[in-house]
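Participant: Predicted coordinates and the sequence they were generated for:
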There are 2 protein chains.
Amino acid sequence: MKETNYVVLGLLSESPLTGYQIKRLIDLRFRFFWSESYGQIYPTLKALSNDGLVEEVDTATSRNRSQKTYRINSAGMEALQHWLRQPVVRETVRLEILLKMYFSHLVDANAMIGHLLEFQEKHEKELKVMNVVGKELQTILDKDPNHAYILRVVSLGKKVNKAYIDWSKETIKFLESPKKP
Amino acid sequence: MKETNYVVLGLLSESPLTGYQIKRLIDLRFRFFWSESYGQIYPTLKALSNDGLVEEVDTATSRNRSQKTYRINSAGMEALQHWLRQPVVRETVRLEILLKMYFSHLVDANAMIGHLLEFQEKHEKELKVMNVVGKELQTILDKDPNHAYILRVVSLGKKVNKAYIDWSKETIKFLESPKKP
DNA sequence: CGGCGCATGTAACTTGTTACATGATTCC
DNA sequence: GGAATCATGTAACAAGTTACATGCGCCG
C-alpha cells in the first residue's frame, strides 16, 4: 500500500482533520522530506474511509461551507502501527541540480553558478524555517511526548540543509576560479 | 520533457552506450541522487532515436549477441546543452524513515532503532563507495576536464551521507536513553 | 550443463502531477 | 467589490516500477 495512506493516517492520529488541512500540514512540516498533492490526498481519504480505517465526522455544511473532517478509528491506528513496525522501503532522491553539475562542463560556467545560487537561497530559507520550528519545539518539549521525536526529524533537516548550503558555496567558488586552458 | 531523456543524453555525450550500460552507469555513479529502471531507459532510447537526437550504431548481432549501441548526434548535444542552461525544476526527496520517525512514539522504540540501524549501515556503505570513487578521481584529475565536476558531485554525496550517519547514531542514542514515565 | 552476467524489451500497474471546475468566507 | 484563503473534487496525463519473457556467452 502506498505511503500516502500512512502519512494521512499519521496526521489523523494527532487530531481529526480535513483534506485541506492535511495538505497544509504536509507542506509545512514535511516539506524537506515528503510531499503530496490534492490529487493524492482526497482520493486517499475516500479509500481509507471505504476501508474502514477512518470515519467522516461533522461534514459541516453547518455553516454552509462544505467541509469534511475525518477521524482515525482503532482499525486505522492498528494499520498505522503495523506499518511503523515494517521495514523502510522507500528512499527516493532526485536532485536535478547534481545531474546538471555532473554534465555542466558542456556549457558556460555562469549557467551553473546561477542554478547553484538559486539552490543555495532555497535551502537557506528552509534552514531558517527549521531553526524557528526547532526553537519553538524546544520550549514546549514537555507538553507532548511526540515533540522530542519531531525534533529529531528537524535535526536531520538542519544537517542536510547545511550540507547543501556549504556545498553550494564551495561549488560556486570552484566554478568562479580561473581555469587553465 | 522528462529528465530521463537528459540523463541518457548526458551519458551518451561521453561515449556510445547500450541501454544496459546506461542503466549500470546510473546505478553506479548516480546512485545517491538519481535512479532509472529499464522500463524507462529502453523506451527513452527509442523515443530519442525517433526524435533524431541519437543514432543507432552497430546493432551488433555480429557476435550473434543482440545489442544496440547508441551514439549522440549534434542535435542531441544541442538539446542537452539547452537543458543544462534551463533552471532546475526537479528536487524530489521522499524519506520514509523520517515519516516513521515522526510518528514512532506510537510504537515500541526497538522497531525504530532497527530501522535506523539499517539506514545507517546502508549509508556507511554508500559513503565508502564515495570515498573510493573520490580518491580515484583525485589521481586522474587532469586526464579529463569533467573529472573535477564529477568530484563536486561526489563531494555532496559524502556530506549528505555523513549527515545521515551522524543523525542515525544520535537518534539511536536518543531512543535508547531511558524515558521518564 | 548450470548459473551468472549481458542484453533487450514490453505490458500491466501504481503512483503522482497538473489543470480545471466550483463555490463560500473573510478581510480590506 | 475584489482578492486571498478555505475547501472539495476529478479527469487527463505523465512518470515510474515490477514482473515477466527471451536468449546468448562465458566460466567452472
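Facilitator: Arrived safely, thanks for sending.

Participant: now the residue of chain A found nearest DNA strand C, what's its secondary structure?
Facilitator: Nearest residue of chain A to DNA strand C: residue A:39, at 2.6 Å (CB to the nearest atom of the strand). Every residue, glycine included, has its C-beta placed from N, CA and C. For residue A:39, the assignment made with DSSP: H, G, I helix; E, B strand; the rest coil gives helix.

Participant: Contacts only, for it.
Facilitator: The contact partners of residue A:39, by CB atoms under 8 Å, 6 or more residues apart in numbering or on different chains, come to none.

Participant: With residue A:19 as the reference, measure out to it.
Facilitator: Separation of residue A:39 from residue A:19 (CB to CB, to the nearest Å): 11 Å.

Participant: same thing with residue A:89?
Facilitator: On the measure of CB to CB, residue A:89 and residue A:19 end up 25 Å apart.

Participant: Angles on the backbone of residue A:52, please.
Facilitator: Here the main-chain torsion angles of residue A:52 (degrees, to the nearest 10) amount to phi 70, psi 30.

Participant: Next: residue A:95.
Facilitator: phi -110, psi 100.

Participant: Compute the number of surrounding residues for it.
Facilitator: Neighbourhood size, residue A:95 [other CB atoms under 10 Å in any protein chain shown]: 22.

Participant: any bit of the host helix or strand of residue A:99 sitting next to DNA strand C?
Facilitator: Per DSSP states H and E, residue A:99 falls inside helix A:96-103. No - using CB under 7 Å from any atom of the strand, helix A:96-103 stays clear of DNA strand C, with a minimum separation of 12.7 Å.

Participant: Helix or strand: which one has the closest residue to residue A:73 other than its chain neighbours?
Facilitator: Computed as CB to CB, 6 or more residues apart in numbering or on different chains, the closest residue to residue A:73 that is not its neighbour in sequence is residue A:55, at 5.5 Å. Assigned by DSSP H and E, residue A:55 falls within strand A:54-57.

Participant: Same question for residue A:71.
Facilitator: strand A:69-72.

Participant: give the contact list for the residue most central in space within chain A.
Facilitator: The centre of chain A sits closest to residue A:30, judged by CA atoms, centre = their mean, with a distance of 2.4 Å. Residues near residue A:30 by CB under 8 Å, 6+ apart: A:7, B:98-99, B:102.

Participant: Take those residues and lay them out in a markdown table including pLDDT and neighbour count.
Facilitator: A markdown table is the format used below for the contacts of residue A:30 (pLDDT from 0 to 100; neighbours: other CB atoms under 10 Å in any protein chain shown):
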| residue | pLDDT | neighbour count |
| --- | --- | --- |
| A:7 | 98 | 24 |
| B:98 | 97 | 23 |
| B:99 | 97 | 22 |
| B:102 | 96 | 21 |
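
Participant: What is the most widely separated pair among those?
Facilitator: A:7 and B:98 (10.9 Å; CB to CB).

Participant: Please enumerate the shared neighbours of those two.
Facilitator: A:30, A:34.

Participant: What's opposite the residue nearest to residue A:73 in the beta bridge?
Facilitator: Counting by DSSP bridges, residue A:55 is bridged to residue A:71.

Participant: Contact partners for it?
Facilitator: Contacts of residue A:55 by CB under 8 Å, 6+ apart are A:49, A:70-71, A:73.

Participant: For PyMOL, what selects the buried ones among these?
Facilitator: Buried subset of the contacts of residue A:55, written as a PyMOL selection, criterion 16 or more other CB atoms under 10 Å in any protein chain shown:
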select buried, chain A and resi 70
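
Participant: Quick check: of the contacts of residue A:55, which lies closest to residue B:175?
Facilitator: The nearest member of those to residue B:175, counting by CB to CB, is residue A:73 at 28.1 Å.

Participant: The closest one: what's it in contact with?
Facilitator: The contact partners of residue A:73, taken as CB under 8 Å, 6+ apart, are A:52-55.

Participant: Take those residues and write them to TSV, including pLDDT and distance to DNA strand C.
Facilitator: What follows is those, written out as TSV (pLDDT from 0 to 100; distance: CB to the nearest atom of the strand, whole Å):
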residue	pLDDT	distance to DNA strand C
A:52	94	18
A:53	96	15
A:54	95	17
A:55	93	22
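
Participant: Scan those residues and report the most crowded one.
Facilitator: Counting neighbours by other CB under 10 Å, residue A:54 leads those with 26 neighbours.

Participant: That one against residue A:10, yeah?
Facilitator: No - the pair residue A:54 / residue A:10 is not scored as a contact, 11.7 Å apart, by CB atoms under 8 Å.

Participant: got the domain boundaries for chain A?
Facilitator: Split into domains by automatic domain parsing, chain A comes to A:3-85, A:96-176.

Participant: Throw the ones you listed into JSON lines and include distance to DNA strand D, thanks.
Facilitator: Formatted as JSON lines, the domains of chain A follow (distance: least, CB to the nearest atom of the strand, whole Å):
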{"stretch": "domain A:3-85", "distance to DNA strand D": "3"}
{"stretch": "domain A:96-176", "distance to DNA strand D": "10"}
